[in-house]
Each structure stands twice: as C-alpha cells, then as structure tokens.
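1. Sequence and predicted model, in that order:
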There are 2 protein chains.
Amino acid sequence: MQHRSFADARCPIARSLDVVGEWWSILILRDAFRGVRRFDDFQESLGIARNMLSRRLKRLVDAGLLETRPYSARPPRHEYRLTDKGRDFYPVLMTLMDWGNRWARRRHSAVPLSRLTREPLDPVLIDRATGQPITPATVVMRYPGSGAAS
Amino acid sequence: MQHRSFADARCPIARSLDVVGEWWSILILRDAFRGVRRFDDFQESLGIARNMLSRRLKRLVDAGLLETRPYSARPPRHEYRLTDKGRDFYPVLMTLMDWGNRWARRRHSAVPLSRLTREPLDPVLIDRATGQPITPATVVMRYPGSGAAS
C-alpha cells in the first residue's frame, strides 16, 4: 500500500519499511517465529484471502526474509522458513510486542516470558559496547555527507 | 490502508500496528524524534501531500502518540510534540534502523552513534531482570486462557 519506494532512502528505518512491505508482513513473520510454516496454517492464523496471502509470502521470499523448502514431491508442496535476514527481524517484533502490551493493553493478551524465570520480559535496548540503554539522550545520528554528528 | 482492525487482537504486535496505523506514521515519529514539530517541516521532510499529512498527524494525535501545543495565537498555530506514549516507541524505531543498516545497506545512510564513544551503535535487546539477550531461544509466550507457556 505504499505510494513511493523508500528503497534508496538514506534513512535505514525507511529502507526497512520498504523491504518488509506492510503490516501484514510483520504478522506473517510473527507467525513464522511461532513455528508456522505452511500456507494453510498461515491462512488459518491470519484469516486473509489466499491470493493476498500468496502475494505477501512471495514478497517476503523475494525480499529474502523467508525461503521455500519442499516438503512433498507428489503433490509438489513447499513450506516457508525464516532466513537469517528474517530471523534478525526478531527484535523489531519484540519491541512492538512490548509497546503494545504497555500502551494497547487488553485483558486477554499474549505475554512474552523469560524462559529462565517464567516472569514477564522487561525488554530494554542497550548498546553492546557500552552497555548503555539506547534512548534519544544517548544516541547521536551521523548523516551522510556530514563529518559531524549531531 | 488496513482492511481489518487489530485493536482487540490478543497479539500485542497486531495491536501496536493497529494503533500506529501505517508506515508513514513511523516516519512521522522518526521525524518527531529528530526534533521536527511543525506541519511545514514534516511536509518538507516527508514530501507527501498536505491533506495526507494532516490525516496522519491527526491519527497519531488521536492515538495519543503526539499532542498539539499552540505556538502562535494570531494566527492560531500549533506544533506536534511526542507524548510519553510516543517517546516509548523509540526502541521500535531503533531496531528497525539497525535492521535496515544491516540488511538494506546503502552507501549513504544515516548511522546511529553512541553519544559516549561516537562509535556506531550495536543494539541488543535484553531482559532487564536477567540481563539475557531476548532471542527466540530465551523467550516463551504465555497465551491467554492457557496456564502453560510454550
């Protein structure tokens, strides 16, 4: 549903959105992380028309976030698996999940827990090198063509 | 551009997408974090039609991520400021940015740096309580109506 391509934007957020395509793609990736692999299972989970789902899966395959693997020769059937590029999208899903559980609360909600403690996760984005939380106060942006960062 | 509301989804990712609305909203929020506040400045940054920008800003205000503040009485003018709810969206933007700089590389790209070291950030999402990185291997989901987590 985009009216303009952001593929060449200097902003990596815009480029990410361009690659992923649209909201539905994010829900498809969510399902893939839950272990959904087959067309009919995506369809049942998402409840969208088959031709729309087809297009969206194809887009994610073309973009390199999913890959197809045959699981039956007769009839020929394939399933969809996350690639490294797709798996690396996990933090985006988890920050969206965390925001939704804080700001769009519902009584009946899926909640992510630590596998270690079985307590609800409290996600915080940090910089690996410094250990600092990543906030508007701890980040400066460097823009192309400018030596300085502001 | 959605065909269905996810407002009551049990999945917090779907609810977040429902609140935020669409890709453009994410770029508006990005600009707001960069300090953009006025309609004309958003318009210049995003290059979209004024009526479309109006609608998108209104949606973000209605959703509580932005709020308006008057800055001129005559003529009456207001600017757009991030609320706490909007500011809390920052980790989503930063994970999208990081993914884009890894998987949709461009020679000329904005790059986030640590304010402390001026080195490129290496964002990692951890659980505050355990300090563990949040990955598919360290997370279990608890679904509503099931005592168990899987």
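-> Perfect, I can see it now. Numbering: from 1, shown residues only, chains lettered A, B, ... in the order given.

2. Low-confidence ranges, chain A, go.
-> The model of chain A has pLDDT under 70 over residues A:1-4, A:146-150.

3. repeat that with 80
-> A:1-9, A:19-23, A:145-150 (pLDDT under 80).

4. Now do the same contact list for A:Glu79.
-> A:Arg37, A:Arg38, A:Phe39, A:Thr68, A:Arg69, A:Tyr71 (CB atoms under 8 Å, 6 or more residues apart in numbering or on different chains). In short, each C-beta sits where N, CA and C put it, glycine included.

5. ugh, wrong one, I meant A:Arg115
-> By CB under 8 Å, 6+ apart, the contact list for A:Arg115 reads B:Ala137, B:Thr138, B:Val139, B:Val140.

6. Tell me who's in contact with the third one.
-> This points to B:Val139. Counting by CB under 8 Å, 6+ apart, B:Val139 makes contact with A:Met94, A:Pro112, A:Leu113, A:Ser114, A:Arg115, A:Leu121.

7. Dump the host helix or strand of the third one to PDB, restricted to CA.
-> Using DSSP states H and E, A:Leu113 falls within strand A:111-114. Coordinates of each C-alpha in strand A:111-114 appear next as PDB, following Å, rounded to 0.1, in the frame of the first residue of the first chain:
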ATOM      1  CA  VAL A 111       2.700 -12.100  27.000                       C
ATOM      2  CA  PRO A 112       6.400 -12.900  26.500                       C
ATOM      3  CA  LEU A 113       8.100 -14.600  29.400                       C
ATOM      4  CA  SER A 114      11.800 -15.200  30.200                       C
END
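
8. is it true that A:Arg30 touches B:Pro12?
-> No - in this structure, A:Arg30 is not within contact of B:Pro12 by CB atoms under 8 Å, at 10.1 Å.

9. higher neighbour count, the two?
-> B:Pro12 (25 against 21; other CB atoms under 10 Å in any protein chain shown).

10. which residues touch that one?
-> A:Leu96, A:Met97, A:Asp98, A:Trp99, A:Gly100, A:Asn101, A:Ala104, A:Arg106, A:Ser109, A:Ala110, A:Val111.

11. So the fourth one versus chain B, what's the distance?
-> Think A:Trp99. Distance, A:Trp99 to chain B, by CB to the nearest CB, to the nearest Å: 5 Å.

12. Ok, the second one next?
-> Note on A:Met97: its distance to chain B, by CB to the nearest CB, is 5 Å.

13. isn't that residue right up against A:Pro112?
-> Yes - with contact defined as CB under 8 Å, A:Met97 reaches A:Pro112; the gap is 6.1 Å.

14. Who has more neighbours out of these two?
-> Using other CB under 10 Å as the criterion, A:Met97 and A:Pro112 rank with A:Met97 on top: 27 against 22.

15. So that one lies in a helix, does it not?
-> Yes - the assignment for A:Met97 by DSSP: H, G, I helix; E, B strand; the rest coil puts it in a helix.

16. Tell me which residues touch the nearest residue to A:Met52 once chain neighbours are set aside, please.
-> Spatially, and ignoring its direct neighbours in sequence, A:Met52 is nearest to A:Trp24 (7.7 Å; CB to CB, 6 or more residues apart in numbering or on different chains). By CB under 8 Å, 6+ apart, the contact set of A:Trp24 is A:Leu46, A:Ile48, A:Met52, A:Arg56.

17. Return the set of buried residues in the strand or helix carrying A:Trp24.
-> Mapping A:Trp24 onto the secondary structure by DSSP H and E places it in helix A:23-33. If you call a residue buried by 16 or more other CB atoms under 10 Å in any protein chain shown, then helix A:23-33 has these buried ones: A:Trp23, A:Trp24, A:Ser25, A:Ile26, A:Leu27, A:Ile28, A:Leu29, A:Arg30, A:Asp31, A:Ala32, A:Phe33.

18. now it against helix B:23-33, angle please.
-> Between the axes of helix A:23-33 and helix B:23-33, defined by axes from the mean of the first three to the mean of the last three CA atoms, to 10 degrees, the angle is 90 degrees.

19. May I have helix A:23-33 as PDB, with CA atoms only?
-> C-alpha atoms of helix A:23-33 as PDB (Å, rounded to 0.1, in the frame of the first residue of the first chain):
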ATOM      1  CA  TRP A  23       1.800  -4.600   8.300                       C
ATOM      2  CA  TRP A  24       0.700  -8.000   7.200                       C
ATOM      3  CA  SER A  25       4.200  -9.000   6.500                       C
ATOM      4  CA  ILE A  26       5.000  -8.300  10.200                       C
ATOM      5  CA  LEU A  27       2.200 -10.600  11.200                       C
ATOM      6  CA  ILE A  28       3.500 -13.300   8.800                       C
ATOM      7  CA  LEU A  29       6.900 -13.000  10.300                       C
ATOM      8  CA  ARG A  30       5.400 -13.200  13.800                       C
ATOM      9  CA  ASP A  31       3.700 -16.500  12.800                       C
ATOM     10  CA  ALA A  32       6.900 -17.800  11.300                       C
ATOM     11  CA  PHE A  33       8.600 -17.300  14.700                       C
END
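
20. With that, I have no additional questions.
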